[in-house]
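A.B. asks: no sequence for this one, just the structure:
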C-alpha cells in the first residue's frame, strides 16, 4: 500500500516542486556560463538529459559543451553521479529527493541558432544549455540570472516573478530566447498589441527608425492576412555582426542575424518570414512534430508547408505592406523557378521526402543539386501554385489565405495539431470547391515535372525559356551552420577544378567581397566576358588561400515570366488579387534577379 501511494504521488504533477535554473554571467569574457539546476528526482533512476537538437533540424549534441558537472543533495552533501549516455547524467539520489546540479557551459556559437557569451552580450537558446530532469518536461520551470553586468538588461518573453522568469513547462521555457546586453530598443503597438525591437550591434551598422517602420508594416500586414493576433507582446531580437545572417522563430519572438555595416540592408524579407512563423509552425503545427522529443530526430513530411509556404507568405506580406513591388516579386519567382529547374533531384525527390530528409542537411554531399531539393524552395513554389489553383477553381473568391485561416481556426486556436498533408489537402479542396488530390499528388507527394504555365496561366502569365551564356565555376556550394559557404562538389575539368578549389573548402570572398550561397549568380558582376579572372579567398584545413579562376562561359536555360496580352478579365482579376496590387498591367517581361533573397535571409529551422 505504501509503495502504491508513493508511485501515485510521484506521478502527480503536484508532487514535484518547480525546476529552477540559475545562470551565472561572471565568466562571459571566457565564453563560459555557470549553470545551476534545482530539481526533484522523478524516478528510481535520477537522470538528467541534455537535448541533442534545437532550432535547426540537425543532431548537434549540446552535451559537448558541458564540463565540471557536479551534484549535491538538499543538505549540500555531494552525490555520486555518472554519465550513462553522451547526453544523460545519472545522479545517485532517491525518488522525490531534491538535488542541485552545477556545470559549466561553453557558449561561443554566435547567431540565432546558437548560444553566445561575450563581454559585449549574451544570447541564449535555452534548450542548448539547460539539462532537464527525465520525466519532468511538463513540470513548471523558472530561470534567473546572477552577476549581470551593470547597464545590461534582459529581453525574454516570459513572465517575471521575484527576479525569475516563469514557464509552465520545458517546451515553453526553451521557446523563449534571451538577449542580455546594453541593447538598443524601440517599442510600438500594432492592432493593440505591443511589439519591440531589441538590437545588439554597433549603432552605425543599422537604422533603428527604418527597422521599426519595416517591423510595424510587416506585423500589420500579417495580422490583416490572418485576421488574428495570438500574442500579448512580441520581440524582434536583431544581432548585427560580421558574417551574420539568418533568422529563428519562437513562440512570441524571433532572433534575426544581419551582417555588420548593414545600415542600408533590406531586412523586410527575413522579418516577414520569421513573424509569419508566429502562426505557421509555432501554432499551426503538424501532428508529426508533437510531442517534441529532445533526444532524437523529430521527423515530419510537412516542412514544405511549415517552412516553404512560410517563405511564400513572407513575400505576400511584403507585397501587402508595400515593401515589395509586384515586378520584384515576379522577378524573384522566375529566378526561383530557374534554380529549381536546374536541380536534377527535382525528378527524384518529392516535397514530402525533402521534408523528411531535412536531418541530412548538415552533410555537404546531401546539398548537391543532383542529390536533393530544398523544402524551402519547393514548398514556397508549391504555395504560390496552390494559391493560384484555389483562386482559379473558386472563381477568385477563395485563396490560400482561407486555408491558412482555416488551419488556424480548426487547429491552432483549439490547441490541436493538423494531420500533415492530408489536412492541408482537405482544407484546400474545401476552399477551391473541388478535389485537389491531383495537385497534391503531382506537386507535393511525387517528384513529377511541374506544369508551370498551367498555374501561371490562371493569372494571365506565362513562362518563357531562353538560352543565355553565363560565367560558371562549376562548383556546388552550400551554406552550413557554423561553417559558412562550403564547397560540396567540383565538376571535373571545370574552372573551379583548374583553379584548385577542393571539396570542403570554405569560400570566404569573391574579388575581395564576402561570398554568398549563390556563387554562380555573383560571378555576373565581376565577369563580363570570356577570359576575365576572379580572385577567390578560401579556407582549407585552417589555412587561408588565395586562388585565381577564369570562369567558363556556358549556355544555360533561363526562365522569364511574361504577361499574356490576351489574358481574360478573370485572369487579370486573379493576377491583381494574387499580387495584392494593381498597376502592373504594363509589365511585359520581368527583369531577372540573381538569387532568392528571402531564402538566403531566412536560413530557417524550427525547434
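C.D. replies: It's in. As the structure is a prediction and not an experimental result, all values here were calculated from the model.
A.B. asks: quick check: the gap between the residue lying closest to residue 303 once chain neighbours are set aside and residue 382.
C.D. replies: In space, and not counting its chain neighbours, residue 303 is closest to residue 355: 3.7 Å by Cβ to Cβ, 6 or more residues apart in numbering. For the C-beta atoms, the positions are set from N, CA and C on the backbone; glycine is no exception. According to Cβ to Cβ, to the nearest Å, residue 355 and residue 382 sit 11 Å apart.
A.B. asks: shared neighbours of the two, anything?
C.D. replies: Counting by Cβ atoms under 8 Å, 6 or more residues apart in numbering, the residues touching both residue 355 and residue 382 are residue 304.
A.B. asks: tell me which of these two has more neighbours.
C.D. replies: Neighbour tally, residue 355 and residue 382, criterion other Cβ atoms under 10 Å: the higher count belongs to residue 355, 27 against 22.
A.B. asks: so for that one, what's the pLDDT?
C.D. replies: We have a pLDDT of 98 for residue 355.
A.B. asks: how close does it sit to residue 412?
C.D. replies: Relative to residue 412, and taking Cβ to Cβ, residue 355 is found at 20 Å.
A.B. asks: what's next to the helix or strand harbouring residue 319, contact-wise?
C.D. replies: Using DSSP states H and E, residue 319 maps to helix 310-320. With contact meaning Cβ under 8 Å, 6+ apart, helix 310-320 is reached by 218, 221-222, 224-225, 268-270, 272-273, 275-277, 280-281, 323-324, 326, 329, 332, 376, 379-380, 383-384, 387, 400, 404, 579-581, 598-599, 602, 604.
A.B. asks: same question, stretch 198-217
C.D. replies: Taking Cβ under 8 Å, 6+ apart as the rule, stretch 198-217 contacts 120-121, 123, 155, 179, 181, 183-186, 188, 190, 195, 197, 235-241, 258, 260-264, 267-268, 271, 275, 321-323.
A.B. asks: OK, contacts around residue 571?
C.D. replies: By Cβ under 8 Å, 6+ apart, residue 571 lies in contact with 457-460, 564.
A.B. asks: closest to residue 484 among the residues you listed?
C.D. replies: Nearest to residue 484 among the contacts of residue 571: residue 459, at 38.4 Å, using Cβ to Cβ.
A.B. asks: what is the neighbour count of the closest one?
C.D. replies: Residue 459, neighbours per other Cβ under 10 Å, totals 28.
A.B. asks: helix or strand: which one has the spatially closest residue to it that is not a sequence neighbour?
C.D. replies: Distance criterion Cβ to Cβ, 6+ apart; nearest residue to residue 459, sequence neighbours excluded, is residue 575 at 3.9 Å. Residue 575 belongs to helix 569-578 when elements are defined using DSSP H and E.
A.B. asks: list the buried residues of that helix.
C.D. replies: 571-578 (16 or more other Cβ atoms under 10 Å).
A.B. asks: just confirm residue 239 is within a helix.
C.D. replies: No - assigned with DSSP: H, G, I helix; E, B strand; the rest coil, residue 239 falls outside any helix and is strand.
A.B. asks: correct me, but it touches residue 255?
C.D. replies: Yes - here residue 239 reaches residue 255: they are 7.4 Å apart, a contact under Cβ atoms under 8 Å.
A.B. asks: any shared contact partners between the two?
C.D. replies: Contacts common to residue 239 and residue 255, judged by Cβ under 8 Å, 6+ apart, are 112, 123.
A.B. asks: low pLDDT regions in the stretch 351-500 of the chain?
C.D. replies: 481-482 (pLDDT under 70).
A.B. asks: all strands of it, in order?
C.D. replies: Under the criterion DSSP state E, counting those that start in this stretch, strands of the stretch 351-500 of the chain are mapped to 461-472, 475-480, 484-490.
A.B. asks: CSV for the ones you listed, including distance to residue 107 and mean neighbour count?
C.D. replies: Formatted as CSV, these follow (distance: least, Cβ to Cβ, whole Å; neighbours: other Cβ atoms under 10 Å):
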stretch, distance to residue 107, mean neighbour count
strand 461-472, 40, 15
strand 475-480, 20, 22
strand 484-490, 20, 20
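A.B. asks: for residue 132, find the nearest of these.
C.D. replies: strand 475-480 (28.0 Å).
A.B. asks: now do the closest one and strand 484-490, the angle between them.
C.D. replies: 150 degrees (axes from the mean of the first three to the mean of the last three Cα atoms, to 10 degrees).
A.B. asks: so which elements touch strand 475-480?
C.D. replies: When contacts are defined as 3 or more Cβ pairs under 8 Å, 6 or more residues apart in numbering; DSSP states H and E, strand 475-480 sits against strand 484-490.
A.B. asks: can you list the strands that the strand it packs on pairs with?
C.D. replies: strand 475-480 (antiparallel), strand 506-510 (antiparallel) (DSSP bridges).
A.B. asks: save those as TSV, and put in distance to residue 168 too.
C.D. replies: As requested, these are exported to TSV (distance: least, Cβ to Cβ, whole Å):
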stretch	distance to residue 168
strand 475-480	35
strand 506-510	42
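A.B. asks: who wins for proximity to residue 146 among those?
C.D. replies: Closest among the strands paired with strand 484-490, using Cβ to Cβ: strand 475-480, at 34.9 Å.
A.B. asks: ok, residues contacting that closest one?
C.D. replies: Here strand 475-480 has contacts from 362, 364, 367-369, 485-491, 494, 496, 501, 507, 517, 519, 603, using Cβ under 8 Å, 6+ apart.
A.B. asks: ok, 7 Å please
C.D. replies: 362, 364, 367-369, 485-490, 494, 496, 501, 507, 517, 519 (Cβ atoms under 7 Å, 6 or more residues apart in numbering).
A.B. asks: can you give me how far that strand is from the chain middle?
C.D. replies: Relative to its parent chain, strand 475-480 has a centroid offset of 18 Å by Cα atoms, centre = their mean, to the nearest Å.
A.B. asks: and for stretch 424-431?
C.D. replies: Centroid separation for stretch 424-431 versus its chain: 26 Å, with Cα atoms, centre = their mean.
A.B. asks: what's that stretch in contact with?
C.D. replies: With Cβ under 7 Å, 6+ apart, stretch 424-431 has contacts from 305, 386, 390, 394, 398, 402-403, 406-407, 435-437, 440.
A.B. asks: good, we can wrap up now.
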